[in-house]
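K.L.:
Build me a structure from this.
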Amino acid sequence: MVVNELIQHIKALGFSEYEAKAYLCLLRIQPATAYEIAQGSGIPSSKIYEVIARLVEKQVFMADGDEGKKRFLALLPEEFVDRQRAGFGKTLDILAAELPVLQSEAPASVIWNVTDYDLFMDKAARMVQSAEKTLLLSAWEKEREQIEPLLVEREKQGVRIAAIQYGDRTDGAGALFRHPIADTLYQEKGGRGLVLVRDSRDALVGTIDTEHKVHGAFSSNQGFITLAEDYIKHDIYIMKIVSRFDQTLIEKFGTNYRHLRNIFEDRDNP
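P.N.:
The predicted structure follows:
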């Protein structure tokens, strides 16, 4: 990993860029004077003593020698990492205990827009992990595969799962209903879709377009949840009918049930 990337990672722990540069420099040349650290790191000499003082205060640098002849040592990488990990762990424990005290319940009408794919899938995973009774899911294979281990685990814990599967896969956690015209719907919608409802308490809905951008939303709004639930339930009803009367439906409505899916006309296949 290049030094610039290491600097960014150290900054993410709450250190300044100069502090990160000074630490990485001292690891290479320790023990060293303030002047040597400034020269080796590129930190202006007018700033180096301030930077060193902060690192000494944070117990990342240790001073050796008398005033005017001080040389500095850097905390070993293993100890540096362990201290940061322990410090963040303690801080996160405190926040986990104290933040809920300040939390006000979000208005039920709030709908959160989600456009980042990783954030969208992280939200889906967290919903699956925290489900207590039921999960309703409609998803393409790519997204289903990412949360499948979590679905399997929740099913083992007694969560009831019903899912519409777009694609060729026919196995998986829960009651799985394969959609027969996934390719047609992909073309019509311009991407893959995912709808997830947890315990009838909240819902996540989104379309992932061909450029991997998400057009999605999450909410605990009851109207939003009902729409999402009904969407999945009615698809399951249709899948049960299709699995039993596929040929009859094709004869009646044509390939891909095109006349059935035409909501602006009520006609049969000629």
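K.L.:
What is the helix or strand hosting residue 230 packed up against?
P.N.:
Assigned by DSSP states H and E, residue 230 falls within helix 222-253. With contacts taken as 3 or more C-beta pairs under 8 Å, 6 or more residues apart in numbering; DSSP states H and E, helix 222-253 sits against strand 134-140, strand 160-166, strand 175-179, strand 191-198, strand 202-209, helix 258-261. All C-beta spots, glycine's among them, are computed from the backbone N, C-alpha and C.
K.L.:
again, only using 10 Å
P.N.:
Packing partners of helix 222-253 (3 or more C-beta pairs under 10 Å, 6 or more residues apart in numbering; DSSP states H and E): strand 134-140, strand 160-166, strand 175-179, strand 191-198, strand 202-209, strand 214-219, helix 258-261.
K.L.:
If you average pLDDT over each of the ones you listed, which is lowest?
P.N.:
Of all the helices and strands packed on helix 222-253, the minimum mean pLDDT falls on helix 258-261 (a mean of 79).
K.L.:
Tell me how far that one lies from the chain's centre.
P.N.:
Chain-centre distance of helix 258-261: 37 Å, with C-alpha atoms, centre = their mean, to the nearest Å.
K.L.:
for that helix, which positions count as buried?
P.N.:
Within helix 258-261, the residues that count as buried by 16 or more other C-beta atoms under 10 Å are 259-260.
K.L.:
Low-confidence bits of the stretch 51-200 of the chain, can you list those?
P.N.:
67-68, 103-108, 181-190 (pLDDT under 70).
K.L.:
Just want the angle from the helix holding residue 230 to strand 175-179.
P.N.:
For helix 222-253 against strand 175-179, the angle by axes from the mean of the first three to the mean of the last three C-alpha atoms, to 10 degrees is 50 degrees.
K.L.:
and the angle for helix 222-253 with strand 134-140?
P.N.:
Using the same axes, to 10 degrees: helix 222-253 against strand 134-140 is 50 degrees.
K.L.:
right, and residue 206 touches residue 217 too?
P.N.:
Yes. With contacts counted by C-beta atoms under 10 Å, residue 206 reaches residue 217, the gap being 7.1 Å.
K.L.:
list residues touching both of those two?
P.N.:
Common contact partners of residue 206 and residue 217 (C-beta atoms under 10 Å, 6 or more residues apart in numbering): 113-115, 120.
K.L.:
which of these tops the neighbour count?
P.N.:
residue 120 (22 neighbours; other C-beta atoms under 10 Å).
K.L.:
Could I get the phi/psi values of that residue?
P.N.:
phi -60, psi -50 (degrees, to the nearest 10).
K.L.:
And the residue nearest to residue 61 when sequence neighbours are not counted, which helix or strand is it part of?
P.N.:
Spatial nearest neighbour of residue 61, excluding adjacent residues (C-beta to C-beta, 6 or more residues apart in numbering): residue 55 at 4.0 Å. Assigned by DSSP H and E, residue 55 belongs to helix 45-57.
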